[in-house]
Every structure is written in structure tokens, then in C-alpha cells.
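J.: this one's sequence-less:
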Ligand SMILES: *[C@@H]1O[C@H](CO)[C@@H](O)[C@H](O)[C@H]1NC(C)=O
């Protein structure tokens, strides 16, 4: 999907955000690699950003799935019923082996720099942000609510970091290709890899970053693990939010989602999507999996639930595929979970953080650490503890020299 934005509102947008004059000219020149670039800011204005579409060429070994778009909600629901039936054999039955998928995919992205700097060339580290299921890049730039700031883009900019956030393939304003054969874990990891290479070379944004800190949330953390495994030097440091190796509650979680054909659930938003695109059925399912009451702002919850994003049948059948020990990754790892994460801890994360690094990052650097956000559910950034969570994430990045 291409957004048409004339350059005039783009310039006006930059003027409204009042970055320093030097940064304004640098940002305009740093729209390199973006199609239809326009200026934007973070929720709290601490970051000045270039937004737009980047065309990412990628190729991956996806799984040929012997499934088609469900003709009705009955068929869709039956796929999930059998997915959750341990003896159904559906996973093996639909697995048609590996197949190469390639293309150029339009990814909606946002590259931000601290609004306070006069030149982007002084910034050498970018935080590369991969959101999880049910969200798009808004997860990293949640608007303030009732006087509380929730934006990671603001927190990172205040600490002197550039950030790169994007809508994963099949979400937000990025392309929405075949939800069964194309939008799968393997291709999404390759797209992330290509964008990291472009940030390091300067072909996205024009600043050749020397350090990339990979920060994922949930399914985004699974993709960071896939990167560390396949491309161990892509990320200098890794922060995994909303992830443990405890998969005991994943079935319960999928049942809680009540997966619903997106075009039926929210036709105004998703009416044009094939039925392999699903969403969480209700706000109650969203709360159950992602939130811990009363540690979130209910009006913010309703705003975010109204912006819920899709997931695909292709993602469900390849969900944990990238998870394998990243033996060659030698950077530090920070494991960050809500103490009451429903999805990866059955709502009690005690002792879970400490299991991740030994199991998946056996050669991780000594600066590795972990953090439990008290009274917090799976969507850490949407809880009242976000400020403290961000302080820990930024301290980890700085302690490790990035
Ligand atoms: C949908 O369900 C009907 C009834 O079981 C079945 O005959 C049909 O093959 C299903 N279609 C798909 C595409 O799965």
C-alpha cells in the first residue's frame, strides 16, 4: 500500500514539531530509501522522524501449507479446533514441505532521531523494534493518556538513541500478501534481516549505523531469536520483551483469542483482506491475553483494542519456527517480562526469565540480565509500569556500551 503525501505538508509537519534547523535539513536528506516520505514525530515529540514505505527485497524458505482461505467462519474455527487438538495431526497434515518465497515487500516504517540533536551523524546506535501479534508499530509509540507517557520512541530519543519501527508484513500500512503461503515467520525474519543490513549500510535513512540493538515484543522477540540464530552479527544486543521458553499456555492463549476472520469482525478496517487474516474476537479476549488489571489505563486499553491488528494462518502454523538456540550469538541479552504475563508464564513469571539465556543464547555476553515488571501483563508498553520498564531497557543498552 502506497500512501500519497505531498512534500508541502511534510515540510509543515517538520516545522510544527520544531526540531532544530540543522536536524530539519538532515532529516529531509535522510529520507533515503523511503518512498513517499513524510515527517512525523513520536507521541511526546521527543523524537523527530521520517515515515514512509521501504521496499524490501527478500527471499525465504517458507512452508508450503496445504490450506486455503477458509470459506466461512465455521471452517476457520475448525482449523483452530484441530490446531488445539493434540491428536488431530493437522500440523503434519498441512505441511507440504519447504518452498522458496521471494518478492519485494512494501514495509511501512519510521526512523526517528532525538529531536534535540542538530545532526543525525552523531548517533551511532539504532534500536530496531519488532512488534508482536495484535499490534503494529504503534506498540512502540503508544500515545500519552491521562498525563502518563507510554511511548518507547520518546524514552529512547530522550536517552540519545535513534529508533527504527515498522509494521510487520501483513499488519498496519505494510503489504498484506497471501496470508497462508507468504505471511509466515521465515519470510518476516528475512525482511527484518534485510532492513538491518540497510540500516548498517545507510541505504535506509542515509546514516550508516554501527550498532543495532534488536528489541522485540512477543512474536517480535521470536523473530529476534530467528535473527540471532541465522545472522548472529545482525544485532549487537538483544532485548526480548514478552517471551520465555514456557509454552504451556500458548494453546489456552489461542483459544482465548477466539480467532475470527478479520473481514467479518471489523469490515470497515479489514473488509478487503482474505479470510486467512484473523483477529482477536473481542476486547475481553484482548484483555485476558495482554493485560493485567488494574495496572493499565482503561481508556488507553479501549483505544488500543480499537486499533487491534491481524495475524495470519501462515503465522499460526509457523509461530515458533524461528525459536532455536543461537549458539553463535555472542552479544548480551536482556529478558523483560511482565510479572503476570498470561501468554508466556500462565500469569506468574517467577523464575521464567532466568531460563531463557541458558537455553537459547548459550554464548551470550556477561552483560546479560533480566527484568520483571511488577503487576504487569504481556503488553508491557501498555501498562502503567512502562516508564520503569523502559528505564531498565535503556540502562541495559548503555551498560553494554551501545
Ligand atoms: C469447509 O468446510 C466444509 C464442511 O466441512 C468442507 O466440505 C470444505 O472442504 C471446507 N473448505 C475448506 C476450504 O476447508
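T.: Nice, I can see it. What you see is a predicted model; the values in this text were computed from it and never measured.
J.: OK, now which residue of the stretch 101-250 of the chain is nearest to the ligand?
T.: Going by C-beta to the nearest ligand atom, the ligand is nearest to residue 180 of the stretch 101-250 of the chain, at 10.7 Å. For glycine as for every other residue, the C-beta is placed from the backbone atoms N, C-alpha and C.
J.: Sticking with residue 33, tell me its helix or strand.
T.: According to DSSP states H and E, residue 33 maps onto no helix or strand at all.
J.: my guess is it meets residue 203, correct?
T.: Yes: Residue 33 sits in contact with residue 203 when judged by C-beta atoms under 8 Å, with a separation of 5.4 Å.
J.: Find the nearest non-adjacent residue to the residue most central in space within the chain, please.
T.: Centre of the chain computed as the mean C-alpha position; nearest residue by C-alpha atoms, centre = their mean is residue 131, 1.3 Å away. With C-beta to C-beta, 6 or more residues apart in numbering as the criterion, residue 131 has its nearest non-adjacent residue at 4.3 Å, and that residue is residue 139.
J.: Look at residue 33 and residue 203 and report which has more neighbours.
T.: Comparing residue 33 with residue 203 by other C-beta atoms under 10 Å, the one with more neighbours is residue 33, at 23 against 14.
J.: Please report how far that one lies from residue 119.
T.: 19 Å (C-beta to C-beta, to the nearest Å).
J.: where exactly do the strands run in the stretch 301-402 of the chain?
T.: Per DSSP state E, counting those that start in this stretch, the stretch 301-402 of the chain carries strands over the ranges 311-312, 333-338, 369-373.
J.: Looking at these, which is nearest to the ligand?
T.: Nearest of the strands of the stretch 301-402 of the chain (C-beta to the nearest ligand atom): strand 311-312, 15.6 Å.
J.: coming back round to it: I'd say the residue nearest to the centre of the chain and residue 221 touch.
T.: No: Residue 131 lies out of contact with residue 221 (C-beta under 8 Å); the separation is 10.2 Å.
J.: Got phi/psi on residue 163?
T.: The phi/psi pair for residue 163 (degrees, to the nearest 10) reads phi -130, psi 150.
J.: Over to residue 143?
T.: Backbone geometry at residue 143, expressed as degrees, to the nearest 10, gives phi -70, psi 150.
J.: burial count for it?
T.: 14.
J.: Contacts only, for it.
T.: 43, 150, 151, 300, 303 (C-beta atoms under 8 Å, 6 or more residues apart in numbering).
J.: among the residues you listed, which two are most distant?
T.: 151 and 303 (13.5 Å; C-beta to C-beta).
J.: which of those two has more neighbours?
T.: residue 151 (25 against 15).
J.: Spatially, and excluding backbone neighbours, which residue is closest to the more buried one.
T.: residue 43 (4.0 Å).
J.: Please name the residues that touch that neighbour.
T.: 141, 142, 143, 144, 149, 150, 151, 153, 154.
J.: Greatest separation within these: which pair is it?
T.: 144 and 153 (12.0 Å).
J.: What is the end-to-end distance of stretch 369-380?
T.: 17 Å (C-alpha to C-alpha, to the nearest Å).
J.: Next to the ligand, which bits of the protein? Give me the list.
T.: Counting by C-beta under 6 Å from any ligand atom, the positions of the chain adjacent to the ligand are 68, 70, 71, 75.
J.: The second one contacts residue 79, correct?
T.: Yes: contact status for residue 70 versus residue 79: in contact at 6.4 Å, counting by C-beta under 8 Å.
J.: My guess is residue 38 contacts residue 52. True?
T.: Yes: if you go by C-beta under 8 Å, residue 38 and residue 52 touch, sitting 6.3 Å apart.
J.: residue contacts, residue 69?
T.: 179, 180, 274, 275, 276.
J.: biggest separation within those, which pair?
T.: Among those, 180 and 275 lie farthest apart (C-beta to C-beta), at 9.9 Å.
J.: quick one, longest helix in the protein?
T.: The residue-count maximum for a helix in the chain (DSSP state H) belongs to helix 185-201.
J.: next helix or strand past that one?
T.: Following helix 185-201 in sequence, per DSSP H and E, is strand 211-217.
J.: on contacts alone, who are the packing partners of that next one?
T.: strand 125-130, helix 185-201, helix 219-230, strand 237-241 (3 or more C-beta pairs under 8 Å, 6 or more residues apart in numbering; DSSP states H and E).
J.: hmm, what's the outermost residue in this protein?
T.: residue 87 (32.1 Å).
J.: got a pLDDT number for it?
T.: For residue 87, the pLDDT comes out at 97.
J.: For my notes, confirm it occurs in a strand.
T.: No: counting by DSSP: H, G, I helix; E, B strand; the rest coil, residue 87 is not part of a strand but coil.
J.: So which residues make contact with stretch 246-255?
T.: 80, 83-84, 289, 316, 319-320, 342-346, 352, 355.
J.: What separation is there between residue 257 and residue 142?
T.: Taking C-beta to C-beta, one finds residue 257 at 21 Å from residue 142.
J.: the more surrounded of those two?
T.: For residue 257 versus residue 142, neighbours defined as other C-beta under 10 Å are more numerous around residue 142 (25 against 22).
J.: Just the element for that one, please.
T.: Per DSSP H and E: strand 141-145 holds residue 142.
J.: Can you list the strands that that strand pairs with?
T.: strand 148-151 (antiparallel) (DSSP bridges).
J.: The strand it pairs with: how far from the chain's middle?
T.: From the chain centre to the centre of strand 148-151 is a distance of 18 Å (C-alpha atoms, centre = their mean, to the nearest Å).
J.: repeat for stretch 59-74
T.: 22 Å.
J.: got it, and stretch 357-375?
T.: When distances are taken as C-alpha atoms, centre = their mean, stretch 357-375 is centred 19 Å away from the chain's centroid.
J.: now the end-to-end length of that stretch.
T.: End-to-end for stretch 357-375, by C-alpha to C-alpha: 23 Å.
J.: Kind regards, and thank you for your time.
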